[in-house]
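[1] sequence first, predicted model second:
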Amino acid sequence: MIHQQKYAKELIKKFKMDESKEIYTPIAIDTKLDIDEPGSSVDLKLYRGMIGSLLYLTASRLNIVFSVGLCARFQANPKKSHLTTVKRILRYLKGTTDLYLWYPKSSNFNLVGYADADYACFLVDRKRTSGMDHFLG
């Protein structure tokens, strides 16, 4: 079993999200982030600290890789909407700290992978946005 439950809880406390409401999706389906978002800029050090901490957590929490990667693209000039999305990821972590990777003790491991790519919905540079799932066992 691989988990970072303690790290996730410390992260939630570090960024003062321990009193926030739990949610069960890391990002809203209709979220469209852009470089030229309207709104005020936020503290660059805080935003980069949150992103760096979340990137470390993606090693065992593959369900946040897409959301964190999307938010990481805006580290040069983060706006309030970007910070709100990062805080949503933290609220998701708060509600799902008990998730982990589990590898059973059997020798019958079949690795199956699925990939999905979206070439047009990222508004900034139309670069590919992709996601993957791998199932072992």
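    Everything's here; your move.
[2] from here on, just use CA atoms for contacts and neighbour counts.
    Will do.
[3] and the top helix by length along the chain, what does it pack against?
    With DSSP state H setting the assignment, residue counts place helix 80-95 as the longest helix in the chain. Judged by 3 or more C-alpha pairs under 8 Å, 6 or more residues apart in numbering; DSSP states H and E, helix 80-95 is in contact with helix 5-14, helix 44-57, helix 65-72.
[4] which parts of the second one are buried?
    By 16 or more other C-alpha atoms under 10 Å, the buried positions in helix 44-57 come out as 47-48, 50-51, 54-55, 57.
[5] and if you look at the first one?
    Using 16+ other C-alpha under 10 Å as the test for burial, helix 5-14 gives 5, 8-9, 11-12.
[6] contact partners for the closest residue to Asp98 other than its chain neighbours?
    Sequence neighbours aside, Gln5 is the residue nearest to Asp98 in space, at 6.5 Å (criterion: C-alpha to C-alpha, 6 or more residues apart in numbering). Listed by C-alpha atoms under 8 Å, 6 or more residues apart in numbering, the contact set of Gln5 reads 97-99.
[7] just the buried positions in the longest helix of the chain, please.
    Taking 16+ other C-alpha under 10 Å as the basis for neighbour counts, the residues of helix 80-95 that come out buried are 80-83, 85-94.
[8] low-scoring stretches of this protein, by residue?
    Regions of the chain meeting the criterion pLDDT under 70 cover residues 107-108, 117-130, 137.
[9] show residues contacting the longest helix of the chain.
    Looking at what lies outside helix 80-95 - C-alpha under 8 Å, 6+ apart - the contacts are 8-9, 12, 17-18, 20-27, 33, 37, 39-42, 47, 50-51, 64, 67-68, 71, 74.
[10] equivalent analysis for stretch 47-54, please.
    In contact with stretch 47-54 (C-alpha under 8 Å, 6+ apart) are residues 11, 15, 68, 71-72, 75, 78, 83, 86.
[11] distance from the chain centre to it, please.
    Counting by C-alpha atoms, centre = their mean, to the nearest Å, stretch 47-54 is centred 10 Å from the centre of its parent chain.
[12] and the strand or helix carrying Phe135 with helix 65-72, angle?
    Per DSSP states H and E, Phe135 falls inside strand 129-136. Counting by axes from the mean of the first three to the mean of the last three C-alpha atoms, to 10 degrees, strand 129-136 points 150 degrees away from the direction of helix 65-72.
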